[in-house]
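K.L.:
What follows is a protein structure lacking sequence information:
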């Protein structure tokens with residue numbers, strides 16, 4: 001089909017394309033969700049696999065996936081996960097449309113640069129310049145044998161562009177467009193990202209999932225600046241929706257997809273940051289992001305380890321140092337204890353005290369609570385003075401302190 005054959009058909013449709021039609025908004029996944037989504041086959045009607053639905057509609061597998069991505073075919077998400085299925089009444093509805101199957105096949109037909117230029121009646125170089133200027137957007141891509149990105153365009157969209165902008169197919173391009181192209185501008189990846197994000201936003205109603213779609217266009221550095229909470233960033237990664245039929249199978253294609261999904265222009269990055277900020281405000285108003293321990297099955301939330309504040313000061317003061325029974329003490333008391341405490345006669349108690357707590361229970365008590373205050377040491381000799389005026393640590397004080405701790409631990 002050439003552009004002369006496509007123009008009358010586009011004029012009759014009045015630019016009624018893809019997700020902008022009321023039918024798609026009501027029944028397709030490009031707009032509102034399928035009313036039978038997440039419903040069992042017994043209640044939503046019989047369903048068929050995606051491969052069988054593609055055969056009945058006369059589409060190849062990649063054409064069927066593109067039709068689902070554009071919202072031309074409604075799919076049903078089965079409970080418990082798994083690949084999406086298509087209801088039989090949806091297949092019957094598409095088969096009953098006038099012009100089936102050529103009409104649906106033509107709406108998902110994609111062309112490359114050479115075939116697109118022939119469709120528009122221009123040379124491939126002018127087609128590439130128009131695509132780089134953003135006159136029409138690619139819908140998908142593939143990697144050639146050199147792992148270079150090859151953009152594909154909808155033939156239906158190219159025909160609509162020919163009807164809408166016939167002056168750009170011939171003659172001199174506008175000065176603004178020429179200046180942008182001479183500066184190295186290329187809006188193909190940006191337009192592809194914008195359309196992909198817009199379609200995924202239409203398929204998701206959850207505010208956190210919509211925020212995750214906006215966050216998918218920002219790298220980790222920009223995402224950390226917009227979303228400072230690490231738990232929110234982790235939640236955005238967890239709820240980020242995937243394409244209906246998953247990511248590309250090959251590793252190079254997945255890597256290329258990851259690179260193309262990131263915004264690279266400063267104005268685009270600013271726009272995505274603003275969009276993500278607004279989406280986060282709506283998501284936070286709906287519900288907060290889960291924290292560790294919020295899940296009932298995950299156990300109790302972790303508490304901060306604040307050992308000194310876990311015990312009241314009064315309780316620490318009520319714990320005297322000589323808590324052991326005198327019968328368990330050695331016959332000769334240490335010299336430091338005899339010098340610091342006077343000798344007291346044993347006083348009979350009315351009731352026996354409970355057995356003393358083992359030494360392991362005293363360990364959690366903070367050391368500063370019962371550690372004795374260091375006494376003033378004798379002045380150091382001039383030989384122990386440092387050049388800066390600070391006193392060097394005394395070996396005798398250090399040994400005495402270690403000896404006290406050793407006796408204390410014993």
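P.N.:
Done, it's in. Fair warning: this is a prediction, and the values are worked out from it, not measured in the lab. Numbers count the residues shown, from 1 in each chain.

K.L.:
any low-confidence regions in the stretch 51-200 of the chain?
P.N.:
80-81 (pLDDT under 70).

K.L.:
which residues in it form strands?
P.N.:
Assigned by DSSP state E, counting those that start in this stretch, the stretch 51-200 of the chain shows strands spanning 85-87, 110-111, 140-143, 149-154.

K.L.:
what's the spacing between the closest residue to residue 97 other than its chain neighbours and residue 156?
P.N.:
Among residues not flanking residue 97 along the chain, residue 103 sits closest, at 6.5 Å (Cβ to Cβ, 6 or more residues apart in numbering). No exception for glycine: its C-beta is placed from N, CA and C like everyone else's. As judged by Cβ to Cβ, to the nearest Å, residue 103 and residue 156 stand 10 Å apart.

K.L.:
Tell me which of these two has more neighbours.
P.N.:
residue 156 (22 against 12; other Cβ atoms under 10 Å).

K.L.:
Please report how far the more buried one lies from residue 78.
P.N.:
31 Å.

K.L.:
try residue 87
P.N.:
For residue 87, the distance to residue 78 (Cβ to Cβ) stands at 11 Å.

K.L.:
Could you count how many residues lie near residue 142?
P.N.:
15.

K.L.:
who does it bridge with?
P.N.:
In this structure, residue 142 bridges to residue 150 when assessed by DSSP bridges.

K.L.:
is it true that it touches residue 148?
P.N.:
No: Residue 142 is not in contact with residue 148 according to Cβ atoms under 8 Å; the separation is 9.9 Å.

K.L.:
which SSE is the closest residue to residue 227 other than its chain neighbours in?
P.N.:
For residue 227, ignoring the flanking residues on the chain, the nearest one in space by Cβ to Cβ, 6+ apart is residue 233 at 4.9 Å. Assigned by DSSP states H and E, residue 233 belongs to helix 230-238.

K.L.:
on contacts alone, who are the packing partners of the strand or helix carrying residue 279?
P.N.:
Residue 279 belongs to helix 266-286 when assigned by DSSP H and E. Judged by 3 or more Cβ pairs under 8 Å, 6 or more residues apart in numbering; DSSP states H and E, helix 266-286 is in contact with helix 207-215, helix 220-226.

K.L.:
Report the mean per-residue pLDDT for that helix.
P.N.:
For helix 266-286, the mean per-residue pLDDT is 95.

K.L.:
quick one: contacts of it?
P.N.:
190, 193, 207-208, 210-211, 214-215, 217-218, 222-223, 225-227, 232, 263, 289 (Cβ atoms under 8 Å, 6 or more residues apart in numbering).

K.L.:
The same query, at a cut-off of 7 Å, please.
P.N.:
190, 207-208, 210-211, 214-215, 217-218, 222, 226-227, 263 (Cβ atoms under 7 Å, 6 or more residues apart in numbering).

K.L.:
Kindly report the same for stretch 120-132.
P.N.:
2-3, 113-114, 116-117, 136, 158, 162, 168-169, 181, 185-188.

K.L.:
Also stretch 188-201?
P.N.:
19, 30, 69, 131-132, 134, 137-138, 151, 210, 213, 217, 241, 260-261, 263, 265, 268.

K.L.:
Of all the residues in it, which ones are buried?
P.N.:
188-197, 199-201 (16 or more other Cβ atoms under 10 Å).

K.L.:
Same question for stretch 225-240.
P.N.:
Here stretch 225-240 shows 226, 227, 232, 233, 235, 236, 239, 240 as buried, counting by 16+ other Cβ under 10 Å.

K.L.:
how far does it stretch from start to finish?
P.N.:
19 Å (Cα to Cα, to the nearest Å).

K.L.:
quick check: mean pLDDT across that stretch?
P.N.:
Mean predicted confidence for stretch 225-240 is 94.

K.L.:
Contacts for that stretch next, please.
P.N.:
Stretch 225-240 has contacts (Cβ under 7 Å, 6+ apart) with 208-209, 211-212, 215-216, 223-224, 273, 276-277, 280, 289-291.

K.L.:
Of the residues you listed - the most surrounded one?
P.N.:
Going by other Cβ under 10 Å, residue 211 tops those with 28 neighbours.

K.L.:
Tell me how far the residue nearest to it when sequence neighbours are not counted lies from residue 206.
P.N.:
Among residues not flanking residue 211 along the chain, residue 279 sits closest, at 3.9 Å (Cβ to Cβ, 6+ apart). Per Cβ to Cβ, residue 279 is found 11 Å from residue 206.

K.L.:
quick one, which of these two is more surrounded?
P.N.:
residue 279 (21 against 13).

K.L.:
Kindly provide the distance from residue 55 to residue 102.
P.N.:
From residue 55 to residue 102 the distance is 16 Å (Cβ to Cβ).

K.L.:
Tell me which of these two has more neighbours.
P.N.:
Set residue 55 next to residue 102 and count neighbours by other Cβ under 10 Å: residue 55 wins out with 15 against 9.

K.L.:
circling back to that earlier point, okay if I get the strands of the stretch 51-200 of the chain as JSON lines plus distance to residue 124?
P.N.:
As requested, the strands of the stretch 51-200 of the chain are exported to JSON lines (distance: least, Cβ to Cβ, whole Å):
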{"stretch": "strand 85-87", "distance to residue 124": "37"}
{"stretch": "strand 110-111", "distance to residue 124": "11"}
{"stretch": "strand 140-143", "distance to residue 124": "17"}
{"stretch": "strand 149-154", "distance to residue 124": "13"}
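
K.L.:
for the ones you listed, which one ends up most surrounded?
P.N.:
Of the strands of the stretch 51-200 of the chain, the one with the most neighbours on average (mean count of other Cβ atoms under 10 Å) is strand 85-87, at a mean of 23.

K.L.:
Show me what that one is packed against.
P.N.:
The elements that strand 85-87 packs onto, with contact taken as 3 or more Cβ pairs under 7 Å, 6 or more residues apart in numbering; DSSP states H and E, are strand 47-49, helix 50-56.
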